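1. Have a look at this prediction, sequence included:
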There are 2 protein chains.
Amino acid sequence: MTEPRIDPLRLQAYFALMEVSGLLRHGIEQQLREAGDLSTVQFQLLATLGDAPQGSSRMTDLADGVVYSRSGLTYQAGLLEQRGLVMRRPSPDDERSTVVTITEAGSALLEQVFPGHLEVLDRVLFAPLTEAQVASLADALGAARDHMRATPPRSAAPRRRRSAEPSAD
Amino acid sequence: MTEPRIDPLRLQAYFALMEVSGLLRHGIEQQLREAGDLSTVQFQLLATLGDAPQGSSRMTDLADGVVYSRSGLTYQAGLLEQRGLVMRRPSPDDERSTVVTITEAGSALLEQVFPGHLEVLDRVLFAPLTEAQVASLADALGAARDHMRATPPRSAAPRRRRSAEPSAD
DNA sequence: TATTGTTATACTCTATAACTATA
DNA sequence: TATAGTTATAGAGTATAACAATA
């Protein structure tokens, strides 16, 4: 029942992270909704595609970074496609894969939304921070992100079905 | 149409923040669900109460930090109360207010869940970070949080109805 | 009249499992 | 058989607006 190794600094960082990300997400959600009728997830998908080599990505790769489950991505991609912001078509290399590509309309919307997005970001998140703090933030969070990306989510793998369950037929 | 003031460092910090908080929330969600059948929000509510002066807080104050809308908090508080983890009763000072208090069962559950929670935290978030990085994180995020708390969410105030809309009856 | 909290309702989003098609 | 993606479905969570009660 002893709990000696609760590092106050970590707790502090953790709670601050959760509160900041929550409030930030909330503030951002409003701006994105008003400026482009986008949810945060949809914006992240568009932004990820906008940053990708040919504005394209496989569904699975997209799901890795932004969304949790595949069906969730299919849902969101469907919404974006309906609005003409992305295109989906089968990969030439592997007929099983679907390549998602941001359209011109998608890029345009991204550009339309971006300035206000940055403005909110500056006002809500970065305003009180020094350059050094911003740098520290980018450094530490970048390291954490790389680590998380590399870590296999040991329970309930998102993209790989455990082969331990034989079909038992 | 020029966008010269996109500070790459801030963008980097921002995207990392969103990805880290998203993945962290996801990982935490699983642990909390398994260890105590709690959602992240419910855990945050309990943790906030556990940290409060008498394990108590007004609904409105609770909503401020953790949840977004009042009805959302009422919903969550109802769930927690059903499970006997919190108690609600009218404030002695102000009959309009409701004071939420964490129960012994609530504290017990918190303690039950906490070790595993910290373990996940260390493994997923803090493992790759140096002490200096953790300190920087706590510092910068703490500053951001204080700023966000102090900032009136200028559009669609969460707790105050704009008086600009006359009942027009 | 303003504030606190609840309720009713509608909607968005997410996850699970079953399914199809290709490698 | 394993992988990529979709679909159907069910469930949780959130916000909005209307409401009741107290200051």
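-> Cool, the structure landed.
2. Which SSE is immediately downstream of the helix or strand hosting A:Leu17?
-> Assignment of secondary structure by DSSP states H and E places A:Leu17 within helix A:8-36. Proceeding C-terminally, helix A:8-36 gives way to helix A:40-51 as the next helix or strand, assigned by DSSP H and E.
3. could you say what helices and strands the helix or strand of chain A with the lowest mean pLDDT packs with?
-> Comparing helices and strands within chain A by mean pLDDT, DSSP states H and E singles out helix A:59-65 as the least confident, with a mean of 84. When contacts are defined as 3 or more Cβ pairs under 8 Å, 6 or more residues apart in numbering or on different chains; DSSP states H and E, helix A:59-65 packs onto helix A:40-51, helix A:70-82, strand A:98-102. In this view, the C-beta of every residue, glycine as well, is placed from N, C-alpha and C.
4. Could you check how far that helix is from the centre of its chain?
-> Here the centre of mass of C-alpha atoms in helix A:59-65, compared against the chain's by Cα atoms, centre = their mean, to the nearest Å, lies 10 Å away.
5. cool, and stretch A:125-132?
-> 22 Å.
6. Turn the helices and strands packed on helix A:59-65 into a markdown table, columns for mean pLDDT and mean neighbour count.
-> Compiled in a markdown table, the helices and strands packed on helix A:59-65 are given as follows (pLDDT from 0 to 100; neighbours: other Cβ atoms under 10 Å in any protein chain shown):
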| stretch | mean pLDDT | mean neighbour count |
| --- | --- | --- |
| helix A:40-51 | 94 | 20 |
| helix A:70-82 | 96 | 16 |
| strand A:98-102 | 97 | 20 |
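7. Quick one: closest of these to chain B.
-> The closest of the helices and strands packed on helix A:59-65 to chain B is helix A:40-51. By Cβ to the nearest Cβ, the value is 6.9 Å.
8. check whether stretch A:59-67 contacts DNA strand C.
-> Yes: Stretch A:59-67 comes into contact with DNA strand C when judged by Cβ under 7 Å from any atom of the strand, the residues involved being A:Val67.
9. got the CA positions of that stretch in PDB?
-> Extracted in PDB, the C-alpha atoms of stretch A:59-67 (Å, rounded to 0.1, in the frame of the first residue of the first chain):
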ATOM      1  CA  MET A  59      -5.400   3.900 -45.300                       C
ATOM      2  CA  THR A  60      -3.500   1.800 -42.900                       C
ATOM      3  CA  ASP A  61      -0.700   4.300 -42.600                       C
ATOM      4  CA  LEU A  62      -3.100   7.100 -42.100                       C
ATOM      5  CA  ALA A  63      -4.800   5.200 -39.300                       C
ATOM      6  CA  ASP A  64      -1.600   4.600 -37.600                       C
ATOM      7  CA  GLY A  65      -0.900   8.300 -36.800                       C
ATOM      8  CA  VAL A  66      -4.200   9.900 -36.400                       C
ATOM      9  CA  VAL A  67      -7.100   7.600 -35.900                       C
END
